[in-house]
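1. Please find the sequence and the predicted model below.
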Amino acid sequence: MDAGDVVDADHPEVVALGATLRATNPEVSDFARAAFEWVRDRIGHSFDVQDPRVTVSASQTLHEGVGLCYAKAHLLAAVLRSQGVPAGLCYQRLADAVAGHVVRGLMAVHLGGAWHRLDPRGNKPGVNAQFSLGHEQLAFTVDPSAGEVDYARLAVDPAPAVLVALRGADNVLSLQLGGLPSELVGF
């Protein structure tokens with residue numbers, strides 16, 4: 001599987017989910033909100049649910065029902081793209097008590113003539129990511145004084161460092177101990 005196969009918007013299960021959500025939400029912004037909430041709330045975040053399965057592609061994440069922030073962003077981007085809505089991948093670098101810093105995966109949707117970052121990570125106490133086309137409400141905000149970064153680039157395919165980390169793991173929970181990328185060089 002190469003990077004282009006990760007956000008597999010043409011996979012039959014991804015297309016079916018997109019079509020189902022679009023059928024009940026014909027307005028593009030309503031569909032995007034429904035897709036965001038579906039992925040955020042129905043796909044477990046691996047660390048939160050302590051599920052060791054490694055998922056990378058959108059279809060794999062949908063099939064398994066679990067994934068890290070990266071995999072959930074891949075799925076949301078694929079669902080949106082399956083219905084013709086432009087979507088890309090983006091990242092943050094956040095401070096981490098174990099690894100020093102860790103890169104997180106987000107995604108962005110193009111609606112109303114602008115790109116809007118969304119974070120389908122999944123909510124829990126202290127984390128409240130919401131769909132917003134106005135004021136961004138991600139799971140985490142960056143603190144530049146702590147070396148944190150909102151990477152400005154919007155990408156079609158996942159960052160290579162993310163794919164290396166995910167594909168090199170046989171237990172995604174082990175990545176909590178320092179196996180996730182700490183920065184994206186040249187991104």
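-> That came through, no problem.

2. that's a strand at residue 109, yeah?
-> Yes. Applying DSSP: H, G, I helix; E, B strand; the rest coil, one finds residue 109 inside a strand.

3. can you count the residues close to it?
-> Residue 109 is flanked by 26 other residues according to other CB atoms under 10 Å. For every residue, glycine as well, the C-beta is placed using N, CA and C.

4. OK, contacts around it?
-> By CB atoms under 8 Å, 6 or more residues apart in numbering, the contact set of residue 109 is 32, 80, 85, 86, 87, 115, 116, 118.

5. The last one is in contact with residue 106, isn't it?
-> This points to residue 118. Yes. Between residue 118 and residue 106 there is a contact at 6.8 Å, judged by CB atoms under 8 Å.

6. and the contacts of residue 109, which are buried?
-> 32, 80, 85, 87, 116, 118 (16 or more other CB atoms under 10 Å).

7. Out of the residues you listed, which is nearest to residue 152?
-> Of all the buried ones among the contacts of residue 109, residue 152 sits closest to residue 116, with 14.5 Å by CB to CB.

8. Residue 165: neighbour count?
-> 21.

9. To clarify, my last question referred to residue 110.
-> 16.

10. hey, what's it bridged with?
-> Beta-bridge pairing for residue 110 (DSSP bridges): residue 115.

11. now residue 89
-> In beta-bridge terms (that is, DSSP bridges), residue 89 pairs with residue 107, residue 155.

12. isn't it right up against residue 105?
-> Yes. Shown here, residue 89 and residue 105 form a contact pair, counting by CB under 8 Å, at 6.7 Å.

13. More neighbours: which of those two?
-> A count of neighbours by other CB under 10 Å puts residue 105 above the other of residue 89 and residue 105, at 26 against 23.

14. Touching both of residue 118 and residue 106, which residues are there?
-> Common neighbours of residue 118 and residue 106 (CB under 8 Å, 6+ apart) are residue 138.

15. ok, the most centrally placed residue in the chain to residue 97 distance?
-> Nearest to the geometric centre of the chain sits residue 73, at 1.8 Å (CA atoms, centre = their mean). Distance check for residue 73 against residue 97: by CB to CB, to the nearest Å, it reads 23 Å.
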